[in-house]
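*Asks:* Take a look and give me a structure for this.
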Amino acid sequence: MKISNINIPAQGNRWQWLLVAVFVYFYWLMLKITLLYVPYSNSVAFLKIKQTEVASHPEYLYLFYAHVYTSIFVLLFGFMQFFKFKTETGRKIHRFAGYQYIVLLLGFAAPSGLYMGWHANGGAAAKVSFMLLSLLWGVTTVLAFVKIKKGQVAAHRGWMVRSFALTLSAVTLRLWKIVIVFLFHPPPMDVYKIIAWLGWIPNLIIAEIIIRNNK
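*Replies:* Residues are numbered from 1 along each chain as shown. Model (predicted):
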């Protein structure tokens, strides 16, 4: 089993399994956050500070839960795309995970994320960032799908790297929050404005570096 879109040093599989271990750890943390919203409630965790939206926009809760419940699977299926299987069964798993990633992301996660971005805390700066993130998330995923349908495998891989880099913003946003609060102790709304952009722009920069290196 080989992580196909990242250049791994030839020292062996240890680096590959280290990446898997890191992902599993952060995925478990994200899963724990998701489980806070099981069972369905209108006043748990993050929703406690969104009661204005919950009360004034009946659709907010449905779209919020659509985003939460699908994004955790998008994260998993996206990560599975970076494994190269040599068997036919493995290739079927790859295709299955890819289709699930596309359907869940384009059908639920990205549209609901766009709506939530419009209602984000932190003022116009945060709203613009989260809405732009959702739009780019959808566009990069559509392009990845179009390229593989045309048989343009290298271009498909590049757009999948970009798409998954944006998927990982769910993790990196929270990491930046911890770092910024620990080092600088800014007001909560200032933190939100900063991490709204830091959560995904560095990810895209790293994605471009990976793509260029693999060319």
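
*Asks:* worst-scoring helix or strand of this structure, pLDDT-wise?
*Replies:* One helix or strand of the chain scores below all others by mean pLDDT, DSSP states H and E: strand 2-3, with a mean of 44.

*Asks:* Name the residues of the next helix or strand after it that are buried.
*Replies:* The element immediately downstream of strand 2-3 (helix or strand, assigned by DSSP states H and E) is helix 14-35. For helix 14-35, a neighbour-count test (16 or more other C-beta atoms under 10 Å) marks 16, 23, 26, 30, 34 as buried. C-betas here are computed from N, CA, C, even on glycine.

*Asks:* Which two among those residues are spaced furthest apart?
*Replies:* With C-beta to C-beta as the measure, no two of these lie farther apart than 16 and 34, at 26.3 Å.

*Asks:* quick one: contacts for the residue sitting nearest the centre point of the chain?
*Replies:* Taking C-alpha atoms, centre = their mean, the centroid of the chain lies closest to residue 167, which sits 1.6 Å from it. Listed by C-beta atoms under 8 Å, 6 or more residues apart in numbering, the contact set of residue 167 reads 71, 74-75, 78, 105, 137.

*Asks:* Now rank the residues you listed by neighbours and give me the top one.
*Replies:* Using other C-beta atoms under 10 Å as the neighbour test, the contacts of residue 167 are led by residue 105, with 28 neighbours.

*Asks:* Looks like it contacts residue 137 (just checking).
*Replies:* Yes - Residue 105 is in contact with residue 137 according to C-beta atoms under 8 Å; the separation is 6.9 Å.

*Asks:* who touches both of those two?
*Replies:* In contact with both residue 105 and residue 137: 163, 167, using C-beta under 8 Å, 6+ apart.

*Asks:* now residue 112: how far from residue 210?
*Replies:* Distance of residue 112 to residue 210, computed by C-beta to C-beta, to the nearest Å: 28 Å.

*Asks:* Same question for residue 100.
*Replies:* For residue 100 relative to residue 210 (C-beta to C-beta), the value is 23 Å.
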